Structures are given as structure tokens and as C-alpha cells.
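**Q** kindly generate the corresponding structure for this input.
(6 chains)
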Amino acid sequence: MDPSWLPPTVIAIPLIGACLVLALAQHTPRLVVDVAALVTALFTVAGGAVLLVVVGAGRVVTRVGGWTPQIGIVLVADPIGTALALLAAILTACALLYTWRYFDSAEAHVHVLLLLFLAGMVGFALTADLFDLFVFFELMGAAAYALTGHKIEEPQAVHGGFAFGVVNSLGAYFSLTGIALLYARTGRLGLAPLGAALTGRGADVLVLAAMVLVLTGLLVKAAIVPFHFWLADAHAVAPSPVCALFSGVMAPLGLYGVVRVYVTVFGAAVPAVVAHRTLVGLGVVTAGLGAVMCLAQRHLKRMLAYSTIAHLGLFLVGMATLSGQGMAGSMVYLLGHAGVKGALFLLVGLLLARHGNVDEVGLHGRGRADGVARWLFVLAALALAGLPPFGTGLGKAISEEAAERWWLVGIFVLVSAATGGAALRAGLRVHFGLGKPPTDADPDTTSGEDEAQEGRFPARIPMTMVVPVVVLLVGAVAIGVVPAVADRLAEGGRLFVDQAGYLEAVTHGAAATQTPAPARWWTLSGVALGVLSTALAVTLALLAVHGRFGWLGRLLDTPLRTLHRAHSGHVGDYVAWLLGGVAVLSGLLILPALP
Amino acid sequence: MSRRLRLVVFGLGVSGIGVVFVLAALLIPRFGGGDHPYRDLAVPAAVARSAPNVVSALNFDQRALDTLGEETILLASVVGAAALLRPTTSEHERSIVAEDRILSATTLLGYLLLPVTLLVGLDVVAHGHLTPGGGFQGGVVLATGLHLLYVAGSYSTLVRLRPLTWYGIAEALGAGAFAVLGVSGLVAAGGFLVNMLPYGRFGDLFSAGTVPLLNLAVGCEVASGVIVLLAQFLAQALTVRATR
Amino acid sequence: MMYWVLLGLGCVVTVSCTVAATLTGDLYRRLHLLTPVTSLGAPLVGLTVALANGLSLVTGLVLLTVALLMVSGPVLGSAIGHCAAARDGSIQAGSSS
Amino acid sequence: MTQWTVAAMVLMGGGLAPALWLASRGTAVCRLIGLQLVSSVSVLVLLVLVQAIGQPSYLIVPLVLALLSFAGTLVFARLLRSAP
Amino acid sequence: MNMLVMLGFALVAAMGTAVVFTGEPERQAVTLSAYGLSLTVLFILVQAPDVALSQVAVGTAVVPLMVMLAVRKVRGRRE
Amino acid sequence: MNMFPYLVGGWLLLVGCLGVVRSRDLVHTVVCVSVAQSGTYVLLVAVGYQSGAAAPVQGEGTPVPGPVVDPVVQALTLTDIVVSATVTALLLGLVIQIAKLHGTVDPDRLNDLRG
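**A** Numbers count the residues shown, from 1 in each chain, chains lettered A, B, ... in the order given. You can find the predicted model right below:
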């Protein structure tokens, strides 16, 4: 049977479900709304899973409305896009389960917004049309701004939502400008027709400028330095289950978009070496800055947010190899990270629900009685550092192998150790009361003291909040121990970087040639590097907890303070950096690519 | 950052982008030129489906998925604005609003123009596939027409004549109807958002297949959505106050 | 030929009122200069368009548009005047006149 | 170049441009007067332009503009009234 | 005709700049409305009546109403 | 003269950004964002224009012969306008809440998200 009906169905399910929930919400009790929303998300998960099976190691091409790719919009489901859509659906289901008892407000706003957000993410992952990509980008954005600011009784929440909204929207408008420039040159909008039109003509300033502009919006979504400022603000203030979605899949979708657009549209026109060099550079800077800022935080959600930035940088380094293996490694890493980081955000959400506080200092020792949650926190922190057999460890190992150069491997180890160490430090302090509570407070950082409590709970933690955490961690392990995942993603990665095959599939619907990609699995060096970064993380955390970094703190005081100052929460600053970033990106991508 | 530093960073960025953009603009085909490959494909396709308004045909047939996304964005932001502007626990809604009195001539004319505006709005929705306009434009005109009750009359009149719950449901159903029409294309004609109805005669009201139906769904959604959206803003500005 | 005289008159009225409104500094005088545009310029232009099209649906639409302008112009003028006065404090905000 | 085009040119250059200038200077009420002038003049410009282009189906635009600018101007007349 | 189109573009550019450089939100809202009208004229000039109609629908009443209500609410807080 | 319309589009986008950067009031910021977006409409319709071509709305009779201007960019611009209105609404909603909670809408005085 022709499977082309599946991709649009997976987009339509959450959409229709959201409309249904919205219509129901006016007159029915809360329980019905909760169930309807969760069932919709589960249906989307099922749809995504079926699609993933059907896609196999090939592509499913859907011509929406029956139009040819030159006139209409085409959806292309390949293993990587589908995996991301499925990930989005799973995380949304977890978030909905977690919110079952989480929000007081009886209205179904959160449910509807989460489902529409899901529709946007699925559409973004499956579409093969540049303008449609922008539409789904904006759909994700619109839902995300509202979700970020949802805690309207909290000053930081609305402020973070606003900064997020402005920066992301402007990024999107830059992308749209790029789309207009491309359209002016080629008169096409589909990714494949665009790629075909640009093939063999070489790149002039118009095409290169269009590329820079289109990539800008996607890089903003992906929170790559210097477009990353919004992420920490938004993640620090959004409801925790929403953060799990933002970190786990929304920001990575930005990276997916960057590589997807580069490969399919500009792959033949712009030399790969230029793109590779620029993207690796951006990735390294992002990873480094994220790691440093992550270590310097005391607000737990901000810390996790910077750790996400650091990991996004690492994913970009992996993807920027523009090889099947790098792509596969980044994808395994990304999926494992989504599970681990999602679990961490939900655990911080538990702390917030129980103690009304997400400050590492203020919570010192207060999480001792949290039963199973405290062990889960430590486990997740270790997994974040790349502990085998978690998916993060496997992904890191494959990416390191793909990155080839020794100094890049070093960056992978150090950055993952730093982020894992920061999370572990917080876990040890909060849940085990190790060390003395530090007293110094930098006036230029945000503490987590005045965070508004999310929901009100009795002393016992409800099961609906623990189950998603366990599900996410088990998922992260599964990615690392089920060989089929890595195998499938290895094939997906090979397909992903194959521009000619993509063009062929879209225009002629030809099935992908089935040359199996070399399997990627744990290697001895991969396990060793994973254990090494975990050990580094543990050392770092123990030293930090026992205050052995006083001298380092004093040494780094001035630069750290400058860094803190730069992350000012000021929308104008962020937009100024955005413009500066576009100029730098232009310099990096345009000058070397010109003939 | 200080204001000066911010402007410096911005200035450097803008000068870089400006140079690139000007260089790129020099290479864009001449303004007003005739090279539009997509157009050359889209126009005959629309004419073949009896849709004189090619823009509508593009929006509701050839690139209908974009419009589905667009209407979903509208839905998301209406729900989002409702979530952001809901009264918090420390606020209450006043029942009586002190209002400025409006000149009676203004009120009279406003109430006279109300039905005219609604009729024009309906016309814009219904002829979306024939003449300029469509579901979105008509929907906004309808919603604006209803708000003549406020700008020319009084807030209490508007509130009395505006059952918000029903508009909320209508908005959800309108947006849902678009997606459901898409899925029924899947069931009936084997493809999502396939234009499955007979195309009719060029220029007829009932022509161009599903385009008028989709227009109607969008009109319903947009009109109700904009009304719900403006209701949140009106309530915030006029009735929601902090409880002391 | 008569069309063009009418059209020219309409344009002249509109342009001269707009330019005069730009030149005067006084708010209320500027407000008064709004009226000729809608009650003289609009019908002249509308009439020309209507004459050029003959008796048809198009003419109906044009005349409807012009009629709307003519009716709403003075009402809006007074509403703006009222608003200006309320802001100046020459009448109390909230009072009806 | 037909007379309609000339008229559109005159109305845009001599009417619309100064009106837009008025709508972007001075206090809010000054600008509101400018705005009212802009909407009247732009309806006229549109009428003439439609004639110049020769597409009667465009006439819906000036019609909707005339209708909605009533609501639009009243929005300001109403909400600007309470002095800052 | 081409001259008219160019004049339309010039007016739009000037008005957009004027909107940005009006700092006070109430005044800016009025100018924004006028900017919307200049965009409408431009869209008709470049033969885009659908777009012009959208711009009229959104720009004349709905967006100004939202902006003005937001200004009013924000003002009310400040006092 | 040939590229003037494209430059207008780019100018509006950048001047909107400038407005955001130097804004002292968040409502002003939101309006500047919408001006920046209007740059994209202008650029799009400019790209699709063809001198002397008819509109892509062919009236209620039979199809008109001769070229029409590009309808695709107009369809895109329609979507863009909807996006603009909705983003403006959302951002204004956030500004209202910022004003309530912070007591100010001056971005220079909002300083609770640092580091």
C-alpha cells in the first residue's frame, strides 16, 4: 500500500485533537480535557512510530493536494525527520502526563498550546518546502512564546517570553527575507526544486546572502552563539515540562533545519568546506560558552538551559561534518540528550513544586527527603556527562569518531563533563546536602529564589509526575542499548546528507538505493571516553561541592562577570547581537565562498 | 550593555548586512521583469480548476498546507493571548465600566454601518475564489464590524451581544474544519488536501472545488478568533483590575 | 471633456485642502480643512469615475464608497474634535456635547 | 499615460504625501487629524488607481477601506480621549 | 505607471522610518495606522489586491485597537 | 532605479531592528517588530511584480490574456500578514503582563534575567 497518506496524517492528528480539546474545554470537566489531550498525543506517537517503521531506510514522499513538487508542497519523511517528529510526540505526551496535576487553572490553554506546538514541530520535521518550513517555524514560535510566558504571575516568565518572542520573530523575518531573495533568483520554493535550480550555477553574492539569511532564523531557533541569549531566559522561566520540550526537541529542530536546508538547497552551490568550517567554528564556540555559563549558574533551570546550549554546540559540531556518520552520531546524541535533559527538567520541576525554589544555594540539603527522585537526579546528571550505556554516551562516541580531529574529541569530553558536573554538583548539594552552602552571590546573576511555585502539592509526589521521568530515562538507556536505533539512524544520516538522492526522490519518487550504511556501535575507545568524561564530571562536582575552586573563582572573576553582564535580559542587546551575528556569519560564509 | 555599546554592536552589524544586502540586491532580476517560473506553472493550474483568483487558488489549493499552518498560527496565538491575558488570582473583573459618552451622531452612524460592514465581510468571504479577498480578509472585516458596537457605542452593548463561549467553539470548529476537509480529501480522493469536489464553471460562486469551503472554514475561524482575541485585550484594558 | 474638468476640480480641492492643512499650525483649523475633502473632493472624483463607467455595478460600488466617505467624514471630524477638546481640557472628559 | 494616471499621480504626490507627513508629526491628536486625511485621500487615490489600472474587481478594496477607516479612526478618537 | 509605483515605495519607506522614530506609543499607533494605509496603496499599485485587502483589514482597526488597548492598560499601571 | 524597491524592503527590515534596539518602551518595541516584518512583505511583492502585467485576479468572466504578476509571492505575503498580526497580539499580551508585574515597560529597567 502507498504509505504517502501517513505524513500528513501525523500532522493532522494533533491539530484536529487541539481543536477538539478547545471546543470541549468550554463545557466539560477538566478530566475529559486531560484525557482527550493525552490520547491525541498518544495517537500522534503511534502515528509517528508507524511512519518510522514504514519509512525504514528510505523516504516517504507525499505530494500534498496531489500537486507536482514545482507547483505544490511536498512532504518528505526520512528516518531522521521522522525520528524527530516521533521524539516531539513522545515528549509532548510526557509533558501532558506530567501536567495532569501540574497546573491549577482549569482552562485547557496549556493542552491546546502543547498540541499545536506538537503539530508545528511535526510539520517542521516533515516538510520539504522552504516557505512551509517558515510557516511551521512560526507556528512553533507562536505556541512557544505563549507557553513560555504562561506563568503570568511571575515577572521573569513574561519577560523571558517577550525576549524569546522578539528575537525569534526577527530571526524568522531574516529567514523570510532570505527566502524572498532565493525566490527572486530561482522562482521556486520547494527544497528539492530550489536545490535543482541552484545546482551547477555556482554561488554568487545573492545566493550566499540568501543562505546566510535563511540560516539565521534557524540558528536563532537552535540557540547558536551569538543568537543564544533568548534560550536561557526562556528555559529559566517556562513551566518545567515545556522546558523539556524546548530543550529536547525544539532547539535541536533548529539545527535539523540548518543542515536540512544547507544540504538540500545549497549543497551543490556552496562549497561544503566553507559551510563545514563555519558551522564547526560556531559549534565549538557555542559548546564552550554554554559549558562555562552552565558551571557559573546557581538557578537550576538556567543551568540546565546553558547545558542545553553547550550540547547544541556539540550537536552542531557533529552535524557540521556533513557526513552520514556525524549526522547519525548527533542524532543518537540528540535523542539521548532529549531523554536525559527532559528528565532533569522534570525533576527540577518537582523541586519547584515541593519547595517553591530552584536556587542551588537556597535549596541546599532540602531535597534529602525526595526519595527516588534524588537518585534519579544523580543518575540523569551522570548520563548527561555521557555515562555508558546511555544514549548520550553512544551518541557522543559516534560523534567523536566522526569529528576525527583530536582537539574536537577533547572538546566533546570536556564540555559534556562540565555540563554533567554542573548538574551533578547541584544534585549532590540539593539532594544530599554535601558540602557547605556557598555564601557569595554575584549581583549580575539570577538566583532562583523568587521563582513562583508551579502548582500546589501535598508532601507526596504524585505518580503522574514520576512516571514521565522514569520513561524518559529508560528511553535514554534504550537508545544506547538497542542496536536497531543506531543502525537506523546511521542509514538515516547517510540519506540525510545525500542531496542528489533527495532531489531524485522528490522529483521522481524513486526509492532510495539500499546500500546499508556501516553499523555504528559502541567501540572500546567510545566507552573509554564516555567513562572518562563521567569521571571528570564526578571529580569536578565533588571538588566544587567541597569548595576547592575558590582560587579559580577569584582568578576568573572578571571575565565571568563580563560574561554574566553580556547576558543582560535586555531585548535591545539581544537584537544588537543578532544583527552583529548575521554580519559575522556573512563574513564567514560569503567571503571564502566567492569564486 | 550600555546604550552606546549596544548601538555600536548594532551599527557594526547593520553596516555588514547592509553591504551584503545591497550587493545581493544588485543581482536580483530587474524590478518589473517577466521571469517568474512558478507563476507560469501556477496560473494555468488555477485556471484549470476554475479559480479566477489565482492567489486564492494558491492559498487554498496548491499551497493549502501553508494556509493550514497559517490558520493554526492564528489559533495558537488566540489561545496563547487568552492564556497570557487571563485574570490572575490577584485580579478581578469589574462589572461596571465607567465609559466616555459618545456623540449620538457617531453612535447612530456606527449602528447603521454595522450591518453594511457585516454584509461586505460576508461578501468578501463568499467570493474569495473569484474576486480579491477570502476567508481571512472577510473574517477580519466581520470581526471589526462587530466591534463597531464598542467604538461607536459602548462596551456593555458589545458584551451583551457577544457570547464569547460560542465564539470560542466556532473558532475551534472552523480551524478543525480545515484540517478535517484535508483529511476527507485523503479518504475520498487519496491525498491530503486534494481538491476533491467538481471544479464547476469558471467564475461561478460554486466552483473551484473545495476552495470556497475552505474559505468559509477560514472565515468562520478568523472572525471568531479575532473576536476572542480582542475580547481579551478589551477586558484587560477596561474591566480587569488588581484586587487590593 | 467634462469628466476631466470634474476630475481636475476634485484633485485641486483635495490637494489644496491637504496642503493647507499641512501649512496651518492650528489644530482646529486643520480639522475644518478635513471637511472639503470628503464632502467636495470625494463626490467630484466619485462622479467622474461613475460617469466614465456608465450605469453598472461598478458605478454602484464607487458611489457607495463615496457616499460612505461623505457620511462618515463630518461625524469623524466632530469625534476627533471632541477628542481633541477632551484632551485639551476645554471640555471635561466623559461629558457629552 | 492616461488622465487617470495623471490624477493618481497628483493625488498621491500632492494629497497623500502631505497627509502622511501630517500623520507623522506632532501630538497624537494632530496625527489623528492627519490619519483621517490620509484615509480619505487614500480612498480617492484607490478609486482613481482602479480606474487607471482598469480592474473593477479591485473596487472592493476602497469600499472596505472606507468602511473600516470609520472604525479605525473611532478607535483612536475613543481611546485617545483620556489625556495622558 | 512605473513612476507611481516608485512613489509608492518611497512613501512606504518614509512612513516606516517615521513609525520607528516615533518614540511615544500613542503617537506611534496613529502613525502605524497611516503606514498601513500607505502599504495598502502600494499593494494596489503592484497589482496585489488580495494583499491590499488583508492589509486594510488588519491594519486599519484591529492592530491599532490592540495597540491602543495595550497602551491604555500599561498607562493605567504606571499611574 | 531598478533595485530601489528591493532596497526599500531591506531598509524597512533593518530600520525595524534599529527601532527595537533603541526602544525605550516595550509597546514601541512590538510595533517596531511589525515594521521589520513589513519589510518582508514589501520585498516579496517587489520580487513578484512585472511591469504592465495584470493582477492575478482574473475577474468573473473568462481568463484574461496576457501576463499577470506573480501570484505566489502574494499568497506568501498574505500568510506573512497573518503571522504579523498574531505575533503582534502575542507580544502585546506579554507587554501587558510585564507592565503589571514590573510596573514599567522601559526595557532598561527590566533587570531580573541576568547571567
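
**Q** for A:Pro592, list the residues it contacts.
**A** For A:Pro592, the contact set (Cβ atoms under 8 Å, 6 or more residues apart in numbering or on different chains) comprises A:274, A:277. To be clear about C-beta, it is placed using only N, CA and C from the backbone, and glycine gets the same treatment.

**Q** pLDDT score assigned to it?
**A** pLDDT for A:Pro592: 85.

**Q** send the alpha carbons of the helix or strand that contains it over as PDB?
**A** Applying DSSP states H and E as the criterion places A:Pro592 in helix A:571-593. Taking Å, rounded to 0.1, in the frame of the first residue of the first chain, the C-alpha atoms of helix A:571-593 are listed here in PDB:
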ATOM      1  CA  VAL A 571      15.800  42.800  24.300                       C
ATOM      2  CA  GLY A 572      17.700  45.600  22.600                       C
ATOM      3  CA  ASP A 573      21.000  43.900  23.500                       C
ATOM      4  CA  TYR A 574      19.800  40.600  22.100                       C
ATOM      5  CA  VAL A 575      18.700  42.200  18.900                       C
ATOM      6  CA  ALA A 576      22.000  44.000  18.500                       C
ATOM      7  CA  TRP A 577      23.900  40.700  19.000                       C
ATOM      8  CA  LEU A 578      21.500  39.200  16.400                       C
ATOM      9  CA  LEU A 579      22.400  41.800  13.800                       C
ATOM     10  CA  GLY A 580      26.100  41.500  14.700                       C
ATOM     11  CA  GLY A 581      25.900  37.800  14.400                       C
ATOM     12  CA  VAL A 582      24.300  38.000  11.000                       C
ATOM     13  CA  ALA A 583      27.200  40.200   9.900                       C
ATOM     14  CA  VAL A 584      29.800  37.800  11.200                       C
ATOM     15  CA  LEU A 585      28.100  34.900   9.600                       C
ATOM     16  CA  SER A 586      28.000  36.800   6.300                       C
ATOM     17  CA  GLY A 587      31.700  37.400   6.600                       C
ATOM     18  CA  LEU A 588      32.400  33.700   7.400                       C
ATOM     19  CA  LEU A 589      30.200  32.200   4.800                       C
ATOM     20  CA  ILE A 590      30.300  34.700   1.900                       C
ATOM     21  CA  LEU A 591      33.900  35.900   1.700                       C
ATOM     22  CA  PRO A 592      35.600  32.400   1.400                       C
ATOM     23  CA  ALA A 593      32.800  31.000  -0.900                       C
END
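
**Q** ok, and for it, which residues are buried?
**A** For helix A:571-593, burial by neighbour count (16 or more other Cβ atoms under 10 Å in any protein chain shown) applies to A:571-586, A:588-590, A:593.

**Q** do stretch C:72-82 as well
**A** Buried residues in stretch C:72-82 (16+ other Cβ under 10 Å): C:72-73, C:75-82.

**Q** mind checking which of these are in helices?
**A** Among these, DSSP state H puts C:72-73, C:75-82 in helices.

**Q** A strand includes A:Val531, no?
**A** No: under the criterion used here (DSSP: H, G, I helix; E, B strand; the rest coil), A:Val531 is helix, not part of a strand.

**Q** for chain E, what lies in contact range of chain D?
**A** Proximity of chain E to chain D (Cβ under 8 Å from any Cβ of the partner chain) is limited to residues E:1, E:3-4, E:7-8, E:11, E:14-15, E:18-19, E:22, E:24, E:26-27, E:29-31, E:33-34, E:37-38, E:40-41, E:44-45, E:47, E:49, E:52-53, E:56-57, E:60-61, E:64-65, E:68-69, E:71-72, E:75.

**Q** which of the residues you listed fall within helices?
**A** Reading helices off the residues of chain E next to chain D with DSSP H, I get E:3-4, E:7-8, E:11, E:14-15, E:18-19, E:26-27, E:29-31, E:33-34, E:37-38, E:40-41, E:44-45, E:49, E:52-53, E:56-57, E:64-65, E:68-69, E:71-72, E:75.

**Q** what subset of those is buried?
**A** E:4, E:7-8, E:11, E:14-15, E:18-19, E:26-27, E:29-31, E:33-34, E:37-38, E:40-41, E:44-45, E:49, E:52-53, E:56-57, E:64-65, E:68-69, E:71-72, E:75.

**Q** which of these are close to chain F?
**A** E:19, E:29, E:49, E:71.

**Q** okay, the first one and chain A: tell me how far apart.
**A** The gap separating E:Val19 from chain A is 16 Å, by Cβ to the nearest Cβ, to the nearest Å.

**Q** do the same with the third one
**A** Separation of E:Pro49 from chain A (Cβ to the nearest Cβ) stands at 20 Å.

**Q** how about the secondary structure of the nearest residue to that residue once chain neighbours are set aside?
**A** Excluding its sequence neighbours, the residue lying closest to E:Pro49 (Cβ to Cβ, 6 or more residues apart in numbering or on different chains) is B:Pro132, at 3.6 Å. For B:Pro132, the secondary-structure state derived from three-state DSSP is coil.
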